[in-house]
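[1] Sequence and predicted model, in that order:
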Amino acid sequence: MKLLRTLFLLLLTTQVAVAEQSIETERYVIHYNAFNSSLVAPEVAQKHQLQRSRYTAMLNVAVFEKQDDGTQQAVSAMLSGEVANLMQQTQKVTFTPIKEDKALYYIGSFRFGNEEVMHLVINVQPDPNQPATIIRFDQKFYTE
């Protein structure tokens, strides 16, 4: 458990290997990043049944609701995603929730080729009565 939490914090703070981004709405803050799955420790991947490969990337999404006292609380959300390469070959991304103590985040994965630029689209819907927040970004992935 501590190992996964450490990995998550490492991924959020490592600027060279992983770029962490966030988007803020009126009620929510959504943190997201994409990284090569080989960065995940083998024991963590095995515990959470995550596939590690130098040709597999992971999307990590965490959703927080803003509280009246200025803090943020992790909340569940409905997520879906899609990635496409420059030739418009697309892959659907299915997200798996991972909950540890008060932490809640979602992991999805997809395949890529070395030095491949991927167009990523993530639909995040914490409130089923409101439209999803759509996150779009491009990222180049490396196998090494």
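    That came in fine, so what should we check first? This is a predicted model, so every value here is computed, not measured.

[2] helices and strands around the helix or strand containing K140, which ones?
    For K140, the host element (DSSP states H and E) is strand 133-141. Contacts defined by 3 or more CB pairs under 8 Å, 6 or more residues apart in numbering; DSSP states H and E place strand 133-141 against strand 20-24, strand 28-36, strand 116-125. From N, CA and C alone the C-beta is placed, and that goes for glycine too.

[3] Outside of that strand itself, which residues are in contact with it?
    Residues from elsewhere that reach strand 133-141 (CB atoms under 8 Å, 6 or more residues apart in numbering): 19, 21, 23, 25, 28, 30, 32, 34, 36, 57, 112, 114-125.

[4] tell me the pLDDT at A45?
    Per-residue pLDDT puts A45 at 88.

[5] So it sits against S53, correct?
    No - in this structure, A45 is not within contact of S53 by CB atoms under 8 Å, at 9.8 Å.

[6] Identify the contacts common to the two.
    Residues touching both A45 and S53 by CB under 8 Å, 6+ apart: S37.

[7] ok, now how distant is F64 from G81?
    19 Å (CB to CB, to the nearest Å).

[8] cool, and S109?
    In this view, S109 and G81 are 10 Å apart by CB to CB.

[9] Find residues that contact each of those two.
    Joint contacts of S109 and G81 (CB under 8 Å, 6+ apart) are L59, V93.

[10] Nearest spatial neighbour of the residue most central in space within the chain, chain-adjacent residues omitted?
    In the chain, the centroid-proximal residue (CA atoms, centre = their mean) is N60; its distance is 1.5 Å. Leaving aside its chain neighbours, N60 sits nearest to N33 (5.2 Å; criterion: CB to CB, 6 or more residues apart in numbering).
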